[in-house]
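Enquirer: Pasting the sequence and the predicted model now:
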Amino acid sequence: MVQKLFFCILLLGYPGYPNTNLVHILAGHFPFGSRVFGILWKLTIITATLAICACLVYLWRVVLALEPQVYQVNLQQITEKINTVKKENRELAEAISIWELKINESKIRLQEAERSNIHSAEALKLKSQDANGQFEDPELRAVMSNNCELEESKKALEDKCNALRTAKAAKEAKVRQLKEKVVILEEFYEERKVAIEK
């Protein structure tokens with residue numbers, strides 16, 4: 001740029017003098033005398049100054065120029081990632097609701113088992129009496145066997161309930177982690193959007 005400007009000034013003329021160009025003016029400003037080396041020295045200083053200025057402009061425009069960062073991810077990929085995370089979040093919410101329904105069902109069964117536990121206490125009394133050989137009635141023995149089955153089903157339901165509670169706790173922890181990831185990703189993508197828009 002500086003070279004083009006300097007070349008135009010030399011060929012087209014110096015703006016301060018009409019109908020003359022800089023090549024003819026230089027001879028008037030640098031008179032030849034006994035010291036021709038003085039003229040060369042002045043020309044050397046002018047040339048060096050122009051070269052330094054041109055070098056500084058080049059360094060400023062080319063070497064020190066800061067280019068905006070180019071991101072590997074475009075906006076479409078970011079939106080796809082957000083959509084997949086939201087879809088996974090919905091699926092996990094559905095899974096959690098299913099597990100909560102199962103837990104509620106198991107709680108109801110547990111309450112029924114607790115009610116039957118009261119009856120099982122009575123059944124234990126009857127068992128002890130049956131062990132002594134006091135019951136010979138077949139209906140009473142059937143009731144006692146039903147009570148034993150209910151106790152076993154109660155224990156199985158309690159085990160299932162505990163397993164469901166631990167599964168629910170694990171799923172809730174996973175959902176919390178995913179929600180935190182979604183929040184972090186949304187913040188990250190917002191920062192990227194702002195950086196891309198700049």
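Expert: It's in. Numbering: from 1, shown residues only.

Enquirer: State the distance from Ala195 to Lys42.
Expert: Counting by Cβ to Cβ, to the nearest Å, the separation of Ala195 from Lys42 is 52 Å. The way it works is simple: take the backbone N, C-alpha and C, and place the C-beta from them, glycine included.

Enquirer: before we move on, what about Leu92?
Expert: The gap separating Leu92 from Lys42 is 82 Å, by Cβ to Cβ.

Enquirer: Compare these two (neighbour count), which wins?
Expert: In this view Leu92 and Lys42 are compared by other Cβ atoms under 10 Å, and Leu92 has more residues nearby, 16 against 13.

Enquirer: which residue sits closest to the more buried one in space, ignoring its chain neighbours?
Expert: Counting by Cβ to Cβ, 6 or more residues apart in numbering, Val175 is the residue found nearest to Leu92 once chain neighbours are left out, at 5.2 Å.

Enquirer: same deal with Glu158?
Expert: Leaving aside its sequence neighbours, Glu158 sits nearest to Leu110 (Cβ to Cβ, 6+ apart; 6.4 Å).

Enquirer: Quick check: what element follows the worst-scoring helix or strand of the chain on mean pLDDT along the chain?
Expert: Of all helical and strand segments in the chain, the minimum by mean pLDDT, DSSP states H and E falls on helix 22-29, at a mean of 52. Past helix 22-29, further along toward the C-terminus, the next helix or strand under DSSP states H and E is helix 36-58.

Enquirer: Check which helices and strands the longest helix seen in the chain is in contact with.
Expert: Secondary structure of the chain per DSSP state H: the longest helix is helix 138-197. If you count contacts as 3 or more Cβ pairs under 8 Å, 6 or more residues apart in numbering; DSSP states H and E, helix 138-197 packs onto helix 75-131.

Enquirer: orientation of the helix it packs on relative to helix 138-197 in degrees?
Expert: In terms of direction (axes from the mean of the first three to the mean of the last three Cα atoms, to 10 degrees), helix 75-131 departs from helix 138-197 by 170 degrees.

Enquirer: Okay then, goodbye and thanks.
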